[in-house]
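J.: Okay, here's the prediction I keep looking at, along with the sequence it came from:
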Amino acid sequence: MPNFSSRLLLVLYLLLLVACQSPANEEHIRQQILDNGAVIRAAFAEGDLQKIEALHHPKVEKALGYTNVQKGREAVIKGVATTLENYSIEFIENEVESILIDGNLAIEQTKFSIAGKPKKGGEPFTFSGRTLVTYIRYEKSPTGWATIREIIQPATN
């Protein structure tokens, strides 16, 4: 039979566990994810490759299209660098549809539109779609969260 102090520690642990999953804590995490999104959109607009890199986990995987899957932060940043060399990027729509929070993971589903302006001539473009981003707590990220998986579904109209 456990002694009083062991039972007390168990009760305190259970209370802490419940508190960590409280609606107030979930709202705090939701705001952290929304803030993370604002930071990365600003980094794209500013062409800040270092910040973009810091917001991606080393084991990130991104499915940017059916045949375009990038595995690892190095591959993702190489693709971003090429894009930012050739285009100025601005997110013109970012409608978060849902965020699922489960411990150290958060999954965000968002409709978006990106305006791109060529830096060396050519026609501007708008790319729209929906993305499903999985974030993981990551202490090396400036926001405490990093993208670890992302799937982009282009708009069809």
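T.: Here it is on my side, so go on.
J.: Longest strand in the chain, please.
T.: For the chain, the strand reaching the highest residue count under DSSP state E is reported as strand 87-102.
J.: And that strand, what does it pack against?
T.: In terms of contacts (3 or more Cβ pairs under 8 Å, 6 or more residues apart in numbering; DSSP states H and E), strand 87-102 is packed against helix 23-46, strand 105-118, strand 125-137. Heads up, the C-betas are built off the backbone N, CA and C, glycines and all.
J.: quick one: buried residues of it?
T.: Across strand 87-102, burial judged by 16 or more other Cβ atoms under 10 Å covers 87, 89, 91, 99, 101.
J.: what packs against the helix or strand hosting Thr82?
T.: Under the criterion of DSSP states H and E, Thr82 resides in helix 73-86. With contacts taken as 3+ Cβ pairs under 8 Å, 6+ apart, helix 73-86 sits against helix 49-54, strand 56-65.
J.: Dump those to TSV, plus mean neighbour count, distance to Ile33 and mean pLDDT.
T.: Formatted as TSV, the helices and strands packed on helix 73-86 follow (neighbours: other Cβ atoms under 10 Å; distance: least, Cβ to Cβ, whole Å; pLDDT from 0 to 100):
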stretch	mean neighbour count	distance to Ile33	mean pLDDT
helix 49-54	16	16	97
strand 56-65	18	14	96
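J.: Out of the ones you listed, the one nearest Ala42 is which?
T.: Between Ala42 and the helices and strands packed on helix 73-86, the shortest gap by Cβ to Cβ is with helix 49-54, which sits at 8.2 Å.
J.: which strands and helices sit next to that closest one?
T.: helix 23-46, helix 73-86.
J.: Serialize the ones you listed to TSV and add fields for distance to Glu139.
T.: Listed next are the helices and strands packed on helix 49-54 as TSV, based on distance: least, Cβ to Cβ, whole Å:
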stretch	distance to Glu139
helix 23-46	13
helix 73-86	15
